[in-house]
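Student: just coords:
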């Protein structure tokens, strides 16, 4: 098996005069936790949107497990093994947390059974196990729109994990979460993802989270990767500290 | 769930008792059951956050299938599946196009198709007899042709049986992964796609099922009224189905039948009491429901149970 799981080469995408991607080259390695940092508007979410088929780059190519995925729909890309979570959690707000989890499990197993209940015993147990791993069992019967932001973020990621992806792209998994909760949430995430062997790419603004949990850091700046390497090197680079982290801290 | 089943059983017994005690009500209640079946389809689409302003086209397809076929084949047990098949087929063809659209575009495109059908039914006089409509030939039931009173009871019984069958079917469907995904279209369609679930196909299944129920409802109406006119495809008929859906409430498969029964009874009694102003009374009822009981009759009942 190749060491590289996802490979992006020469990705370019402009919205009018704004270059959201201006020649992105990035290899994501099997099993790593890669953090993407950078100021707002640098093109971090655009990269996730391109890698998951939501946006199509104007130039460049993306390969996943050695096969091109450019031009595939988000659905097809999910089936290849790339999951994603969202900056604003995309939960089914009128469903309970348990139903959200069970629906994600059903999506993996096949939803085309119009008469068998969603919460059939096996799927219910599997959904409960999933919620257990994310510490969400106590809110399993609550409606998704009644959760606090931290629980919403975890539920959002749990739904992506339910699809059993090889690669999970997380867009700001801790944004909007109270500072006191942030570390606990990331610890939960990392524990679950490490235990399932999922490779993770996450966009993050909190440098403490990045320093503690990332294996490598990619610094985004104006649609380009300004620096890439272990957090110990990248986060201490004076240029990165001055031009990126300073801006990111202000954002 | 148990209370819902109990209410359904009591409702079915109540309908039979009313039809037996007040014979002329049998006609009204059969129409109510037929419309209730069609409104089950509206309920499915409402679950996905979509409103069809042209759903009466499927009623019309079912009704005209009966009217066209009855002279050559008058067996009810064949006419009903034929009506369902035609409506389902047309629903599938139109649905493949319509499920690409959402909200007002979905609603208005349905209306457009319904109005095209209405115009065809009205203008193709040699085929449809225009606004004069077609009188439905005498029907046979399992090979027999009973007298009129017995026929009315049979159609009433079939309507009641199908209402129970479709009610159970829709209840199971809404609790299934497909039904829960259908409700997901209303709140987070993007998420469905990122779970690998084709939202359009989920909506298409619901749309085709709603077309099938519309066709069956229309066939039952034709078998009850024994006279079919283009009015059944007119936009006001579609509005009536939505009215019934809101009146009954979208929270349960019982809602459409509660709504349809209430609607038909209010209409009959309002028309008898104030012949010139019955529509005003219906309008006032709808306003009251929207303002004070947004969950419809079903919402009122279930709120009382929870209290």
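Tutor: Right, received. Where do you want to start? Source: prediction; values computed, not measured.
Student: Mind pulling up the pLDDT for residue A:251?
Tutor: With respect to pLDDT, residue A:251 scores 43.
Student: Same question for residue A:247.
Tutor: 50.
Student: just the helices in chain B please.
Tutor: Ranges of helices within chain B are B:2-21, B:25-47, B:56-69, B:76-98, B:103-123, B:125-128, B:148-175, B:177-194, B:199-225, B:235-248, B:255-273, B:278-292, B:296-306, based on DSSP state H.
Student: Would you mind telling me which of the ones you listed is nearest residue A:153?
Tutor: Ranking those by proximity to residue A:153 (C-beta to C-beta) places helix B:177-194 first, at 14.1 Å. All C-beta atoms are positioned from the backbone trio N, CA, C, and that covers glycine.
Student: buried ones in the helix of greatest length in chain A?
Tutor: Longest helix in chain A, counting residues (DSSP H): helix A:179-196. For helix A:179-196, burial by neighbour count (16 or more other C-beta atoms under 10 Å in any protein chain shown) applies to A:181-183, A:185-186, A:188-190, A:192-193.
Student: Then stretch B:38-45?
Tutor: For stretch B:38-45, burial by neighbour count (16+ other C-beta under 10 Å) applies to B:38-45.
Student: Stretch A:80-96 too?
Tutor: Buried residues in stretch A:80-96, defined by neighbour count with 16+ other C-beta under 10 Å: A:80-87, A:89-96.
Student: what about it, average pLDDT?
Tutor: Mean pLDDT, stretch A:80-96: 90.
Student: And chain B, is it touching that?
Tutor: Yes - Stretch A:80-96 reaches chain B (C-beta under 8 Å from any C-beta of the partner chain) through A:83-84, A:90-95.
Student: Report the beta-bridge partners for residue A:62.
Tutor: On the basis of DSSP bridges, residue A:62 is bridged to residue A:8.
Student: Report the contact partners of it.
Tutor: Residues counted as contacts of residue A:62 (C-beta atoms under 8 Å, 6 or more residues apart in numbering or on different chains) are A:6-9, A:11, A:50-51, A:68-70.
Student: What's the separation between it and chain B?
Tutor: Going from residue A:62 to chain B by C-beta to the nearest C-beta, to the nearest Å gives 17 Å.
Student: confidence score at that residue?
Tutor: Taking residue A:62 on its own, its pLDDT is 93.
Student: before we move on, the earlier item: mean confidence for the following helix or strand past the longest helix of chain A?
Tutor: As assigned by DSSP states H and E, the chain's next helix or strand after helix A:179-196 is strand A:199-203. Regarding strand A:199-203, the rounded mean pLDDT is 93.
Student: Not counting the helix or strand just after strand A:199-203 itself, show me its contacts.
Tutor: Next helix or strand after strand A:199-203 toward the C-terminus (DSSP H and E): helix A:207-213. Here helix A:207-213 makes contact (C-beta under 8 Å, 6+ apart) with A:33, A:35, A:37, A:174, A:182-183, A:186, A:190, A:204, A:217, A:231-232, A:235, A:245, A:248-249.
Student: State the pLDDT value of the residue nearest the centre of chain B.
Tutor: Central residue of chain B (C-alpha atoms, centre = their mean): residue B:38, 1.4 Å from the mean position. Per-residue confidence (pLDDT) for residue B:38: 96.
Student: Test my guess that it contacts residue B:59.
Tutor: Yes - judged on C-beta atoms under 8 Å, residue B:38 makes contact with residue B:59 at a distance of 5.6 Å.
Student: Sort out which one of the residues of stretch A:80-96 next to chain B lies nearest residue B:256 for me.
Tutor: Nearest to residue B:256 among these is residue A:94, at 19.6 Å by C-beta to C-beta.
Student: can you list the weak-confidence ranges in chain A?
Tutor: Applying pLDDT under 70 to chain A picks out residues A:1-2, A:245-251.
Student: what about the spatially most distant residue from the centre of it, which SS state?
Tutor: In chain A, the residue that sits farthest from the middle, by C-alpha atoms, centre = their mean, is residue A:115; the gap is 33.2 Å. Secondary structure, DSSP: H, G, I helix; E, B strand; the rest coil: residue A:115 is coil.
Student: Look at the spatially closest residue to it that is not a sequence neighbour and report its pLDDT.
Tutor: The shortest distance from residue A:115 to any residue other than its chain neighbours is 4.8 Å, reached at residue B:172 (C-beta to C-beta, 6 or more residues apart in numbering or on different chains). Listed pLDDT for residue B:172 reads 92.
Student: Residue B:172 reaches residue A:113, doesn't it?
Tutor: No - if you go by C-beta under 8 Å, residue B:172 and residue A:113 don't touch, sitting 10.1 Å apart.
Student: near chain A, which residues of the stretch 201-307 of chain B show up?
Tutor: The stretch 201-307 of chain B has residues B:202, B:205 near chain A, with proximity defined as C-beta under 8 Å from any C-beta.
Student: Please identify which residue in the stretch 201-307 of chain B comes closest to chain A.
Tutor: Per C-beta to the nearest C-beta, residue B:205 is where the stretch 201-307 of chain B lies closest to chain A, at 7.1 Å.
Student: So what touches stretch B:174-193?
Tutor: With C-beta under 8 Å, 6+ apart as the criterion, stretch B:174-193 contacts A:73-75, A:90-95, A:99, A:102-103, A:106-107, A:111-119, A:159, B:44, B:47-50, B:102, B:173, B:197-199, B:202-203, B:205-206, B:253.
Student: can we see that at 6 Å?
Tutor: A:74-75, A:90, A:92-94, A:103, A:106, A:111, A:113-114, A:116-118, B:47-49, B:173, B:197, B:199, B:202-203, B:206 (C-beta atoms under 6 Å, 6 or more residues apart in numbering or on different chains).
Student: Next: stretch A:66-74.
Tutor: A:2, A:52-54, A:61-62, A:77, B:193-194.
Student: cool, stretch A:187-201 as well?
Tutor: Residues outside stretch A:187-201 that contact it (C-beta under 6 Å, 6+ apart): A:5, A:28, A:30-31, A:33-34, A:133, A:135, A:167-169, A:213.
Student: Over to stretch B:83-92?
Tutor: B:58, B:61-62, B:65-66, B:208, B:211-212, B:214-216, B:219.
Student: In contact with residue A:59, which residues?
Tutor: residue A:12.
Student: Include distance to residue B:84 when you put the contacts of stretch A:187-201 into CSV, please.
Tutor: CSV is the format used below for these (distance: C-beta to C-beta, whole Å):
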residue, distance to residue B:84
A:5, 50
A:28, 52
A:30, 53
A:31, 54
A:33, 55
A:34, 55
A:133, 46
A:135, 49
A:167, 46
A:168, 45
A:169, 46
A:213, 58
